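Enquirer: coordinates only, sequence not included:
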């Protein structure tokens, strides 16, 4: 652009573009990947520097106030794109948008999904929250019961868990037998103490292993789903976006297209919502 080209005042900005170091070699605009060098007075100017500077001031006054500064907001790092990118906050004047990084940058992973207004995500959450609150007992409670049954069946079929339970049972039987024999006076006191301590240590180790096996991701998922149900059962309908409620139940949002998004909730369940970008 002539109005912003430094060459017209006799200066040169070096390395505006660069060639990549690895195959396949590509010539790309320099967007901070490489250092740029500004050199003054490299050739005869065409216009006066004072006039050029005044034009830059006018251009800057007319530019929209676009803020790319990272800010801690409720949607920050929560909105993912179907292309694999993450949405970032973008402020244009008084309006807040969220845009996929792969759409906002000129790269090989160019994303076609355009920026989405902040209020679109808020309205979609309000709609989803009220639907879940109303239909919690019909949708989430049966889902929880099915997952609990499946989890219990998987645990009962798990050979490792069965072996640990068997080992714990056998250790307890041995401890009981030693206690009976010791009470009858048929065991040496020192042997009884030493052997009982060994069995107690083995029992404690086996019980810890069993607890660790049960305290897995499935167990955490069920706990989170129970938490979600408790929150919704006590909830009132909402008409305005509530950051606290959003933070309590939403793990992330995935933008599937410009017309549909998915809310991934605590408990590992997801629900899609239709949206309008504006």
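Expert: That came through fine. This structure is a prediction, so every number in the text was calculated from the model and none was measured.

Enquirer: show me where this protein has strands.
Expert: Ranges of strands in the chain, per DSSP state E, are 12-14, 17-19, 27-29, 37-39, 66-67, 79-81, 87-92, 95-100, 116-117, 250-255, 260-265, 269-274.

Enquirer: out of those, which is closest to residue 232?
Expert: strand 260-265 (10.1 Å; CB to CB). Heads up, the C-betas are built off the backbone N, CA and C, glycines and all.

Enquirer: is it correct that residue 187 is in contact with residue 177?
Expert: No - taking CB atoms under 8 Å as the contact criterion, residue 187 and residue 177 are not neighbours in contact, 10.1 Å apart.

Enquirer: hmm, back to that, need the strands of the chain in CSV (columns: distance to residue 198 and mean neighbour count).
Expert: Formatted as CSV, those follow (distance: least, CB to CB, whole Å; neighbours: other CB atoms under 10 Å):
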stretch, distance to residue 198, mean neighbour count
strand 12-14, 77, 13
strand 17-19, 69, 12
strand 27-29, 68, 10
strand 37-39, 75, 10
strand 66-67, 67, 12
strand 79-81, 52, 20
strand 87-92, 58, 18
strand 95-100, 61, 20
strand 116-117, 64, 20
strand 250-255, 46, 19
strand 260-265, 48, 19
strand 269-274, 46, 14
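
Enquirer: re the thing from before, which one of residue 187 and residue 177 has more residues nearby?
Expert: residue 187 (17 against 10; other CB atoms under 10 Å).

Enquirer: would you mind measuring from the nearest residue to the more buried one once chain neighbours are set aside to residue 189?
Expert: With CB to CB, 6 or more residues apart in numbering as the measure, residue 181 is the residue that lies nearest to residue 187, at 4.9 Å, once sequence neighbours are left out. From residue 181 over to residue 189 the distance is 12 Å, taken as CB to CB, to the nearest Å.

Enquirer: for residue 177, same thing?
Expert: Here the criterion is CB to CB. By it, residue 177 lies 16 Å from residue 189.

Enquirer: now residue 241
Expert: In terms of CB to CB, residue 241 sits 71 Å off from residue 189.

Enquirer: residue 149: which of the strands of the chain is closest?
Expert: When the strands of the chain are ranked by proximity to residue 149 (CB to CB), strand 269-274 comes first, at 16.3 Å.

Enquirer: list the contacts of the closest one.
Expert: Applying CB atoms under 8 Å, 6 or more residues apart in numbering, the contact partners of strand 269-274 are 124, 127-128, 132, 140, 143, 225, 228, 254, 256, 259-265.

Enquirer: distance of the nearest residue to residue 236 once chain neighbours are set aside from residue 170?
Expert: Residue nearest to residue 236 in three dimensions, not counting chain neighbours: residue 133, with 7.8 Å by CB to CB, 6+ apart. Using CB to CB, residue 133 is found at 50 Å from residue 170.

Enquirer: so where is the stretch 151-278 of the chain shaky, pLDDT-wise?
Expert: Along the stretch 151-278 of the chain, segments meeting pLDDT under 70 span 154-158, 211-218, 277-278.
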